[in-house]
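>>> output the structure for:
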Amino acid sequence: MALLTSIRGPRDLDRLASGQLAALAREIRSFLVTEVCRTGGHLGPNLGVVELTIALHRVFDSPRDRILFDTGHQSYVHKLLTGRQDFSRLRMKGGLSGYPSRAESEHDVIENSHASTVLSYADGLAKANQLLGRNDPVVAVIGDGALTGGMAWEALNNIAEAKDRPLVIVVNDNERSYSPTIGGLANHLATLRTTKGYERFLSWGKDALQRTPVVGRQLFETLHGAKKGLKDLVVPQGMFEDLGLKYIGPIDGHDLSALESALTGARGFGGPVIVHCLTEKGRGYHAAENNDEDRFHAVGVIRSETGLPIKSGSGQSWTSVFAEEMVALGRERDDIVGISAAMLHPVGLAPFAEDFPNRVFDVGIAEQHAVTSAAGLATGGLHPVVAVYATFLNRAFDQVLMDVALHRLGVTFVLDRAGVTGSDGASHNGMWDMSILQVVPGLRLAAPRDAEQVRAQLREAVEVEDAPTVVRYPKGTVGPAVPAVGRVGGMDVLRAAGTDGLGEVGDGRLTDVLIVSVGALAPMCLEVADLLSAQGISSTVVDPRWVRPVDPALPDLAAEHRVVVTIEDNGRVGGVGAALAQALRDADMDLPLRNFGIPQEFLDHASRPEILAEIGLTAPDLARKAAALVSRLDVATEAAPGRDPVRLCDGEPRFPVESGALISVRERSEPC
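So this is what the prediction gives:
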């Protein structure tokens, strides 16, 4: 790694000869395989852009020349060439982000990790440069997969408007997003990839016709003047040129000399230009090159020698539970269809596609189109199931509201990776959906607590034909089943008051705390109840199952308790807790309520347990806060009947910790 360790910034590349650059590329690939296999991360995309990133930093002068990546998961090589070579804690707390990060380096201009956005950023930056009298070019690197997003084409329409605005669009064409890119654009790029006839024909024409006496030169000039029409016949690249964009390519994305030549030409063009580069995802790593599913787009911790996981999964994933139930539903109902936004495998629709290839539609990275297309399918008599990551549904909110809900259409949205996801950072935490969807009239939202409930609530969702339904669940392995001990309305009671020996049903005494458990946090909520019980505080734990709308029986159940707390894996603003508070107000109930969830912040990358601990979403933290509410009530009522007064320290009960257990407030006799 002698060459790589000598690179502390992009200008260190200037002193390397061509042979050294090739050696550097080999070192970078070796580094990526070793380090990313050890930590997990986006491996395949970065192996494919090694030479392209070297060439970009040789030709352009970052950070003066702004180099932007879409999406940022292929920025590992960029990090290495800009002085960030400690990958020991990649995507872990305190380590490098898996995406560009403005906090890490001045070379990282934007932190986007939602696809198809970079051309809009670039358009704005180029306009700013022009208005401020700067001639520095802006470079936008976008994959062929990201070009399937409509936002990219909205940007291209504007970029092409200004012929004198320096903007270089590098199309990193590896024929894939997660999986192979599909659609009309993919077919067009495939034609450009495989057709080199125009350049060969024009070269032959120049030589042959100019040797023809008398009329040869005139014929060649006529031919050259008809270049546009000839290109449309021989190489159908006119789509880009019709937009007013200069097109260069296709270029071998692993040929450093060809890349530098093309990028240098683009840099000097002075206006918008597309450089079409052909790259191979997973290049140089045998295990990735032979992985047909996604070329090791993203990997966990694996053995670099074999590409196999070091640890086998300890249980079934939430995604796989959904995948199995979708196949079962597909066999029972011919009207069930699936829709994916370029993520067929990650969201679990691949098994459905194998069994029902004509009933699944991968629309590319186009969530807005996915939702409105689903509305059309529903209007046509089918029941679409749109499966996306929770964070990506944000992009299609207007379509959910106006195209599905307004028309009272039966479309089911399955949101994978809901709540805190952790290692991919702020952009991938699915912490917004339960807040933004609260305002959609008629929408019903389910949060399953275990595998059995995923199956049951998915089935309940697809039975609804007059409104959108949503089923959301987290990333990772699904835990053990959490059985219900009773039912109130449509809600499951997971722990009943009186079962802890602190009071009996019908004894006329209010239960202390109602814990409203949302989704996969049910085991934590039961642990909170155990900790409260150890303090002599009684509680009921209820799972609403369908958290929107609020179950009509929930306000009446809340009235049987002194304090209500909600615990959810979603932003606190506008979430389940806020909806329940509104329902209590509407029922003229004045009850103390605390909603515990995710603060409205952009959370740094770390593991899920680390983030939950940082934001206080752990059982001990929640038990302490719930007990404090009860303690304040005790003080306010000067010792309620049947209860001893509780002494507070600065308004909070003190819980000494012994062997990890909380000591009862009633056992505390020492002064504050």
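
>>> what helix or strand is residue 516 located in?
Using DSSP states H and E, residue 516 falls within strand 511-517.

>>> quick one: residues in contact with that strand.
Residues from elsewhere that reach strand 511-517 (C-beta atoms under 8 Å, 6 or more residues apart in numbering): 449, 494-495, 497-498, 502-503, 525-526, 528-529, 532, 537-544, 554, 557-558, 560-567, 576-577, 580, 626, 629-630. Using the backbone N, CA and C atoms, a C-beta is placed for each residue, glycine as well.

>>> just the CA atoms of it, as PDB, please.
Listed next in PDB are the C-alpha coordinates belonging to strand 511-517 (Å, rounded to 0.1, in the frame of the first residue of the first chain):
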ATOM      1  CA  THR A 511     -53.500   1.400  37.600                       C
ATOM      2  CA  ASP A 512     -50.500   3.700  37.700                       C
ATOM      3  CA  VAL A 513     -49.200   3.600  34.100                       C
ATOM      4  CA  LEU A 514     -50.600   2.700  30.700                       C
ATOM      5  CA  ILE A 515     -47.700   1.800  28.300                       C
ATOM      6  CA  VAL A 516     -48.700   2.100  24.700                       C
ATOM      7  CA  SER A 517     -46.200  -0.100  22.800                       C
END
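
>>> that one: how far from the chain's middle?
Centroid separation between strand 511-517 and its chain, computed with C-alpha atoms, centre = their mean, to the nearest Å, is 33 Å.

>>> pLDDT (mean, whole number) over it?
Taken as a whole, strand 511-517 carries a mean pLDDT of 97.

>>> quick check: longest helix of the chain.
Identified as the longest helix of the chain according to DSSP state H is helix 18-39.

>>> tell me what it is packed against?
Where contact means 3 or more C-beta pairs under 8 Å, 6 or more residues apart in numbering; DSSP states H and E, helix 18-39 is packed against helix 2-5, helix 44-47, helix 50-59, helix 76-81, helix 256-267.

>>> how about it: buried residues?
21, 24-25, 27-29, 31-33, 35-39 (16 or more other C-beta atoms under 10 Å).

>>> what's next to it, contact-wise?
Identification of contacts with helix 18-39 by C-beta under 8 Å, 6+ apart yields 1-4, 7, 13, 16, 42-43, 46-47, 50-51, 54, 58, 76-77, 80, 85, 87-92, 256-257, 283-285, 299, 301-304, 307.

>>> identify whichever of the helices and strands packed on helix 18-39 lies nearest to residue 344.
Relative to residue 344, the nearest member of the helices and strands packed on helix 18-39 by C-beta to C-beta is helix 44-47, separated by 16.2 Å.

>>> hang on, the earlier thing: mind putting the buried residues of helix 18-39 in CSV, pLDDT included?
Listed next are those as CSV, based on pLDDT from 0 to 100:
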residue, pLDDT
21, 96
24, 97
25, 96
27, 96
28, 96
29, 96
31, 95
32, 95
33, 94
35, 94
36, 94
37, 94
38, 91
39, 93
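
>>> quick check, nearest of these to residue 385?
Residue 385 has its nearest neighbour among these in residue 36, at 33.0 Å by C-beta to C-beta.

>>> average pLDDT across the top strand by length along the chain?
Using DSSP state E, we find that the single longest strand of the chain is strand 561-571. In this model, strand 561-571 carries a mean pLDDT of 95.

>>> tell me the gap between it and the middle of its chain.
Relative to its parent chain, strand 561-571 has a centroid offset of 26 Å by C-alpha atoms, centre = their mean.

>>> that one: partners in the sheet, and parallel or antiparallel?
According to DSSP bridges, strand 561-571 has the following sheet partners: strand 511-517 (parallel), strand 593-598 (parallel).

>>> and the next helix or strand past it?
helix 576-586.

>>> returning to what we had before: and the angle from the strand holding residue 516 to helix 576-586?
Computed by axes from the mean of the first three to the mean of the last three C-alpha atoms, to 10 degrees, the angle separating strand 511-517 from helix 576-586 equals 130 degrees.

>>> lowest-confidence helix or strand of this protein?
Using mean pLDDT, DSSP states H and E, the weakest-scoring helix or strand in the chain turns out to be strand 657-658, at a mean of 36.

>>> torsion angles phi and psi at residue 614?
Torsion angles at residue 614 (phi, psi; degrees, to the nearest 10) stand at phi -60, psi -40.

>>> separation between residue 539 and residue 615?
Distance of residue 539 to residue 615, computed by C-beta to C-beta, to the nearest Å: 22 Å.

>>> residue 580 now?
Residue 580 sits 20 Å away from residue 615, going by C-beta to C-beta.

>>> cool, residue 304 as well?
Counting by C-beta to C-beta, the gap from residue 304 to residue 615 is 34 Å.

>>> same question, residue 590
When distance is defined by C-beta to C-beta, residue 590 is 28 Å away from residue 615.

>>> does the nearest residue to residue 165 once chain neighbours are set aside sit in a helix, a strand or a coil?
Take residue 165 and drop its neighbours on the chain: the residue closest to it by C-beta to C-beta, 6 or more residues apart in numbering is residue 126, 4.7 Å away. Residue 126 falls in the helix class when you classify it by DSSP: H, G, I helix; E, B strand; the rest coil.

>>> any idea of the pLDDT on residue 126?
Residue 126 is assigned 95 on the pLDDT scale.

>>> of the contacts of helix 18-39, grab the buried ones for PyMOL.
Command for PyMOL, covering only those of these found buried under the criterion 16+ other C-beta under 10 Å:
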select buried, resi 3+4+7+13+16+42+43+46+47+50+51+54+58+76+77+80+85+87+90+91+92+256+283+284+285+299+302+304+307
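
>>> and the residue nearest to residue 165, how many neighbours?
By the criterion of other C-beta atoms under 10 Å, residue 126 has 25 neighbours.

>>> tell me if I'm right that it and residue 138 touch.
Yes. Residue 126 is within contact range of residue 138, at 4.8 Å (criterion: C-beta atoms under 8 Å).

>>> overlap in contacts, those two.
Both residue 126 and residue 138 are in contact with 166, 167, where contact means C-beta under 8 Å, 6+ apart.
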